[in-house]
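K.L.:
below are the sequence and a predicted model; questions follow.
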Amino acid sequence: MLKASNPNAKYCYKKAFEARERALQAKQGQDRLFYFEAEARWLKLAESYEFTARAKRFIATPSQRPSCPACAAAMPLAEVQTIRSAVDYRYECKECGYNTHITMQDD
């Protein structure tokens with residue numbers, strides 16, 4: 001299934017699909033391996049484009065940092081991780097060391 005959220009990512013998914021089709025039609029093992037590796041590279045590039053788009057959206061939105069429940073200080077962003085269509089934000093309180101995670105699903 002092609003994801004239409006980012007035109008660059010969509011193009012990469014299309015090329016990955018084409019590489020997979022060629023791999024499945026290849027007669028020689030070396031050719032098959034070449035096209036499967038090409039598919040993996042296209043998928044990685046698509047993931048990179050999607051991450052960049054999510055990061056730009058995150059940066060563009062007004063910052064609403066959570067407050068620490070232990071000491072009420074504003075908690076800065078400490079780490080961002082992506083897991084397929086979700087983004088996990090980890091905030092850490094500089095005053096007391098309390099950590100909290102906020103996970104957001106990407107549409």
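P.N.:
Yep, that arrived.

K.L.:
surely residue 99 touches residue 79?
P.N.:
No. Counting by Cβ atoms under 8 Å, residue 99 stays clear of residue 79, with 9.3 Å between them. (Glycine included, C-beta is placed from N, CA and C.)

K.L.:
spit out the residues that contact these two alike.
P.N.:
Counting by Cβ atoms under 8 Å, 6 or more residues apart in numbering, the contacts common to residue 99 and residue 79 are residue 90.

K.L.:
for the lengthiest helix in the chain, packing partners?
P.N.:
Secondary structure assigned by DSSP state H gives helix 29-60 as the longest helix of the chain. Counting contacts by 3 or more Cβ pairs under 8 Å, 6 or more residues apart in numbering; DSSP states H and E, helix 29-60 is packed against helix 7-25, strand 77-83.

K.L.:
including distance to residue 68 and mean neighbour count, could the ones you listed go into a markdown table?
P.N.:
Below are these laid out as a markdown table (distance: least, Cβ to Cβ, whole Å; neighbours: other Cβ atoms under 10 Å):
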| stretch | distance to residue 68 | mean neighbour count |
| --- | --- | --- |
| helix 7-25 | 36 | 16 |
| strand 77-83 | 12 | 12 |
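
K.L.:
can you redo those as CSV with mean pLDDT and distance to residue 35?
P.N.:
Shown next, in CSV, are those (pLDDT from 0 to 100; distance: least, Cβ to Cβ, whole Å):
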stretch, mean pLDDT, distance to residue 35
helix 7-25, 96, 3
strand 77-83, 84, 26
